[in-house]
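Trainee: Return a 3D structure for these sequence lines:
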Amino acid sequence: MSQESQVAIVGGGIVGLSTALALVNGTPPIQPIVLEKEPAIAAHQTGHNSGVIHSGIYYRPGSLKARYTVEGARRLVEFCRAHAIPHEICGKVVVATDAGELPRLEELHRRGVANGVPGGVELIGPERLREIEPHAAGIKALHVPATGIVDFVAVAHRYAELVRARGGEIRTATRVLGMHRESRDWVIETTQGPVRARHLINCAGLHSDRIARLSGCRPPVRIVPFRGEYYRLRPEREELVKALIYPVPDPAFPFLGVHFTRMIRGGVEAGPNAVLSFKREGYRKADFSPREAWDTLSFPGFWRLARQYWRTGLGEMYRSFRKPAFVRALQRLLPDLRSDDLEPGGAGVRAQAIDASGALVDDFSIQAIGGVIHVLNAPSPAATASLPIGEAIAAQARQHFGW
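Mentor: Residues are numbered from 1 along each chain as shown. Predicted structure coming up:
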């Protein structure tokens, strides 16, 4: 077997590519084949997020998310500087608009300190908040100077260039249809013909549980897609937002609430909400896949989740179809905002893993099951944390496969 087919990575998003980069940079170097079903890499979660370099304030101290985000943000900035990728450390504020949010805001401050967020985190009052974001309103806020913005598609393309330069292969327009064992090898059936590889790493994002099932294992989670919909500030009103303005999130959910994000290539996004999508790549409200909807609706864990949080889900759906409700949520942070300041923006879909009990899987999940390394949960902030995540996946593969 050739070196080039020693391992196949399914998925050409930023996590699959960072894993490939860690393999070609390791000792000994391993040259993988990356299989991506779309005509271009970084087409889904990587290419549909708001481009925020997260600092690490949200995550439980000691968790993989906390450790990898703080390290990943630092290394990502160094990588962008070294490779001339556009980025900016602009800082952000997390704003409490009523007294009931103050305990959660203080918990974010505690987590930021415990996680060692570079540059520190500071609780500030309304006067300091207005100095940073003149149009924001709140009774207290958390200032996080280390937060930044970047073009993650450009980062992913640079990862891919480095992988190819060091002997790896990336095949686009190569959808995985099935796979089976043949002697010691995997034979992966694709739309471009069979691919043989001694080992397999599953970084398929929105389809990671389906790829796991194709490999013959029963993953302990199901991917449930949540669509996040954005508006954009009209150009003449972009001065309302200097950098990033966030609400205090609900700790029961991994979603951060509707917020304002200045983007590295210009413009300001407002959103996203978080609504159940009936298609894993469903970026429009009307997108529907009977098979993928059944994947969600036939999963008992989804119904256990829905019974617990149905009111929250209905609220998100209402904001999805009623612009005035979306605007009211944004006006809590930015009272000067008017409905006609907003125009329709894009959308993204988050691959959220849910276990059989109905719990939203909170941390990154990398598991060796059935002789395959499966990345079963790596939504945001995985792009920020992509370099250490890729190295962790590669390290687990080296140990599991005996390289």
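Trainee: Residue 34 in helix, strand or coil?
Mentor: strand (DSSP: H, G, I helix; E, B strand; the rest coil).
Trainee: so residue 367 sits in a strand?
Mentor: Yes: the assignment for residue 367 is a strand, going by three-state DSSP.
Trainee: That one against residue 376, yeah?
Mentor: Yes: counting by C-beta atoms under 8 Å, residue 367 does reach residue 376; the two are 6.0 Å apart. All C-beta atoms are positioned from the backbone trio N, CA, C, and that covers glycine.
Trainee: With neighbour numbers in mind, choose between those two.
Mentor: Regarding residue 367 and residue 376, a neighbour count based on other C-beta atoms under 10 Å identifies residue 376 as having more, with 23 against 18.
Trainee: Please name the nearest non-neighbouring residue to that one.
Mentor: residue 365 (4.4 Å; C-beta to C-beta, 6 or more residues apart in numbering).
Trainee: Next, the contact list for the one you found, please.
Mentor: Residue 365 is in contact with 221, 353, 375-378, counting by C-beta atoms under 8 Å, 6 or more residues apart in numbering.
Trainee: quick one on the thing from earlier: now the common contact residues for residue 367 and residue 376.
Mentor: residue 220.
Trainee: And the residue nearest to residue 376, how far from residue 346?
Mentor: According to C-beta to C-beta, to the nearest Å, residue 365 and residue 346 sit 27 Å apart.
Trainee: what's the answer for residue 117, then?
Mentor: For residue 117 relative to residue 346 (C-beta to C-beta), the value is 29 Å.
Trainee: Could you check which of those two has the larger neighbour count?
Mentor: Neighbour totals were compared for residue 117 and residue 346, and residue 117 leads with 23 against 17 (other C-beta under 10 Å).
Trainee: can you give me the helices in the protein?
Mentor: Counting by DSSP state H, the chain has helices at residues 14-25, 64-83, 102-114, 126-132, 152-165, 208-214, 290-297, 300-321, 323-331, 386-401.
Trainee: got JSON lines for the contacts of residue 365, with distance to residue 49 too?
Mentor: Output for those, formatted as JSON lines (distance: C-beta to C-beta, whole Å):
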{"residue": "221", "distance to residue 49": "21"}
{"residue": "353", "distance to residue 49": "17"}
{"residue": "375", "distance to residue 49": "17"}
{"residue": "376", "distance to residue 49": "19"}
{"residue": "377", "distance to residue 49": "16"}
{"residue": "378", "distance to residue 49": "12"}
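Trainee: so of those residues, which ones are in strands?
Mentor: Here DSSP state E is the test, and the contacts of residue 365 give 221, 353, 375-377 as lying in strands.
Trainee: Name the nearest of these relative to residue 154.
Mentor: residue 375 (22.2 Å; C-beta to C-beta).
Trainee: list the contacts for that closest one?
Mentor: Taking C-beta under 8 Å, 6+ apart as the test, what residue 375 contacts is 15, 201-204, 208, 364-366, 393.
Trainee: any low-confidence regions in the stretch 151-300 of the chain?
Mentor: 252, 254 (pLDDT under 70).
Trainee: quick one, strands of it?
Mentor: 169-171, 176-182, 185-190, 195-197, 199-202, 221-233, 244-247, 259-262, 268-271, 275-276 (DSSP state E, counting those that start in this stretch).
Trainee: between these, which gets nearest to residue 110?
Mentor: Using C-beta to C-beta, the nearest of the strands of the stretch 151-300 of the chain to residue 110 is strand 244-247, at 17.0 Å.
Trainee: May I see the buried residues of the closest one?
Mentor: Neighbour counts over strand 244-247 (16 or more other C-beta atoms under 10 Å) mark 244-247 as buried.
Trainee: returning to that earlier point: please read off the pLDDT at the residue nearest to residue 376 from the model.
Mentor: pLDDT for residue 365: 96.
Trainee: How much space separates it from residue 373?
Mentor: On the measure of C-beta to C-beta, residue 365 and residue 373 end up 11 Å apart.
Trainee: Also residue 75?
Mentor: Taken as C-beta to C-beta, the span from residue 75 to residue 373 is 22 Å.
Trainee: So between the two, which is more surrounded?
Mentor: residue 373 (23 against 17).
Trainee: Surely residue 397 touches residue 403?
Mentor: Yes: counting by C-beta under 8 Å, residue 403 is a contact partner of residue 397 at 7.4 Å.
Trainee: the more surrounded of the two?
Mentor: A count of neighbours by other C-beta under 10 Å puts residue 397 above the other of residue 397 and residue 403, at 26 against 16.
Trainee: Beta-bridge partners for the nearest residue to the more buried one once chain neighbours are set aside, please?
Mentor: Leaving out its chain neighbours, the residue that sits closest to residue 397 by C-beta to C-beta, 6+ apart is residue 373, at 5.0 Å. Counting by DSSP bridges, residue 373 is bridged to residue 201, residue 368.
Trainee: tell me the contacts of residue 373?
Mentor: Counting by C-beta under 8 Å, 6+ apart, residue 373 has contacts 200-202, 366-367, 393, 396-397, 400.
Trainee: likewise residue 388?
Mentor: Taking C-beta under 8 Å, 6+ apart, one finds 67-68, 71-72, 75 in contact with residue 388.
Trainee: try 7 Å this time
Mentor: 68, 71-72 (C-beta atoms under 7 Å, 6 or more residues apart in numbering).
Trainee: and it, how far is that from residue 280?
Mentor: 26 Å.
Trainee: repeat for residue 289
Mentor: From residue 289 over to residue 280 (counting by C-beta to C-beta), the distance is 7 Å.
Trainee: got it, and residue 232?
Mentor: Taken as C-beta to C-beta, the span from residue 232 to residue 280 is 25 Å.
Trainee: Which of the two has more residues huddled nearby?
Mentor: Per other C-beta under 10 Å, whichever of residue 232 and residue 280 has more neighbours is residue 280, with 22 against 19.
Trainee: pretty sure the more buried one contacts residue 206?
Mentor: Yes: assessed by C-beta atoms under 7 Å, residue 280 is found in contact with residue 206 at 4.4 Å.
Trainee: Show me the common contact partners of the two, please.
Mentor: With C-beta under 7 Å, 6+ apart, residue 280 and residue 206 have common neighbours 225, 349.
Trainee: and which of the contacts of residue 365 is nearest residue 9?
Mentor: residue 375 (9.8 Å).
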